[in-house]
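Asker: I would like the atomic coordinates for the input below:
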Amino acid sequence: MNKIEIFNETNEDINVVDLTGVLELGVKIENLQKVSFNVIIVDNEYIHKINKEYRNIDRETDVITFALEDEDSVIIPDDMRVLGDIYISIDKVKSQAKEYGHSERRELLFLAIHGFYHLLGYDHMTKEDEEIMFSKQERVLSEYGVTR
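Answerer: Modelled structure (predicted):
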């Protein structure tokens, strides 16, 4: 059984069912079993603090992930694969949705699935890696019915 926890640390209404649904589809598409991870919705101030503290980047960002499988010091139960945490700035969801000309729903679900693939070890540092990661993200969003 998979465990996806959503924590809303803001006063904004978040469609937890929708958010969980797109992530469950990602888990299914990747054929994962017995995984656990968290999504934490925060504001720009909070994500700025995390970005500065952990990445030494003094500005807010849209999504930050902490992949626990990258940590040797973390004790993980044998029967569960604990992927880590995805932090998403709700303020960035709103501003980027407006900037890119699509819905806040699409932006939130995109950032969630983007973070999910980061937890699985995917990145977009090279053009090849970006193509792989973004095609996986688009597949999940498309199958979930999320369009631009």
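Asker: List the residues that contact residue 109.
Answerer: Residues touching residue 109, when contacts are defined by Cβ atoms under 8 Å, 6 or more residues apart in numbering, comprise 18, 19, 22, 141, 144, 146. Yep, even glycine has a C-beta here, placed from its N, CA and C like the rest.
Asker: buried stuff in the longest helix belonging to the chain?
Answerer: As assigned by DSSP state H, the longest helix anywhere in the chain is helix 127-144. Neighbour counts over helix 127-144 (16 or more other Cβ atoms under 10 Å) mark 133, 136, 137, 140, 141, 144 as buried.
Asker: Residue 114: which of these is nearest?
Answerer: Taking Cβ to Cβ as the measure, residue 137 is the one of the buried residues of helix 127-144 closest to residue 114, at 5.8 Å.
Asker: Can you verify my assumption that residue 8 contacts residue 43?
Answerer: No - in this structure, residue 8 is not within contact of residue 43 by Cβ atoms under 8 Å, at 10.8 Å.
Asker: Need the residues touching each of these two.
Answerer: Going by Cβ under 8 Å, 6+ apart, no residue sits against residue 8 while also sitting against residue 43.
Asker: got a list of what the residue nearest to residue 147 when sequence neighbours are not counted touches?
Answerer: Beyond its immediate neighbours in the sequence, the residue positioned closest to residue 147 (Cβ to Cβ, 6 or more residues apart in numbering) is residue 106, lying 7.3 Å away. By Cβ under 8 Å, 6+ apart, the residues touching residue 106 are 97, 141, 146, 147, 148.
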